[in-house]
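Participant: coords please:
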Amino acid sequence: MFFPFRILVLVLLLAAVIALQVFLSRRKAWWPGLVLPALEVLYSIFAIVSAIAGYYEVYGKGVPVTASLICDTFLAFLQCNIFTLVLLAVYFVCRRGEKRKRQLDKMNIQDL
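Facilitator: Prediction:
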């Protein structure tokens, strides 16, 4: 595949996910906007568990628990959740805007 085409597809896919997150975050119920971040956290947990299981399958023994392993696992978890933080930021920005809009509507109703 042509390299710039891959980048374009990736950017379009990320834009679609962000647009879906904005749509879900602006819903009246609070929970739909948290679905994508929750799926992202579950994916990162799955990635770390599968890496440990892959080590076991390749070497036939358990992973030796060291400080380096714990640090690397924590950093991998953080790295997998960068996009989760982006989705949560979109969620909180959208919810704050919706809350402000509801308060203005409430004020307008009271003024009548």
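Participant: only C-alpha atoms for contact and neighbour calcs from this point on.
Facilitator: Will do.
Participant: what separates the helix or strand where residue 100 lies from the chain centre, distance-wise?
Facilitator: For residue 100, the enclosing helix or strand under DSSP states H and E is helix 82-111. The gap between where helix 82-111 is centred and where its chain is centred comes out at 19 Å by C-alpha atoms, centre = their mean, to the nearest Å.
Participant: what sits against residue 44?
Facilitator: By C-alpha atoms under 8 Å, 6 or more residues apart in numbering, residue 44 lies in contact with 77, 80-81.
Participant: what would those look like in JSON lines with neighbour count?
Facilitator: What follows is those, written out as JSON lines (neighbours: other C-alpha atoms under 10 Å):
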{"residue": "77", "neighbour count": "17"}
{"residue": "80", "neighbour count": "18"}
{"residue": "81", "neighbour count": "19"}
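Participant: residue 91: which of those residues is nearest?
Facilitator: residue 81 (15.0 Å; C-alpha to C-alpha).
Participant: pick out the residue nearest the middle of the protein.
Facilitator: Central residue of the chain (C-alpha atoms, centre = their mean): residue 84, 2.4 Å from the mean position.
Participant: from residue 70, how far out is that one?
Facilitator: Distance from residue 84 to residue 70, counting by C-alpha to C-alpha, to the nearest Å: 21 Å.
Participant: could you list the buried residues of the helix holding residue 100?
Facilitator: Residues 84, 87-88, 90-92, 94-95, 98 are the ones in helix 82-111 that count as buried (16 or more other C-alpha atoms under 10 Å).
Participant: any idea which of those is least confident?
Facilitator: Comparing pLDDT over the buried residues of helix 82-111, the lowest score belongs to residue 98 (79).
Participant: quick check: it touching residue 23?
Facilitator: No. The criterion here is C-alpha atoms under 8 Å, and residue 98 misses it with residue 23 at 11.7 Å.
Participant: and the host helix or strand of residue 39, which residues are buried?
Facilitator: Counting by DSSP H and E, the element that carries residue 39 is helix 35-59. By neighbour count on 16+ other C-alpha under 10 Å, the buried set for helix 35-59 is 36-37, 40-41, 44-45, 48.
Participant: quick one on the thing from earlier: quick check: the nearest residue to the residue nearest to the centre of the chain once chain neighbours are set aside vs residue 111, distance?
Facilitator: Closest residue in space to residue 84, ignoring its immediate chain neighbours: residue 37 at 5.1 Å, by C-alpha to C-alpha, 6 or more residues apart in numbering. According to C-alpha to C-alpha, residue 37 and residue 111 sit 39 Å apart.
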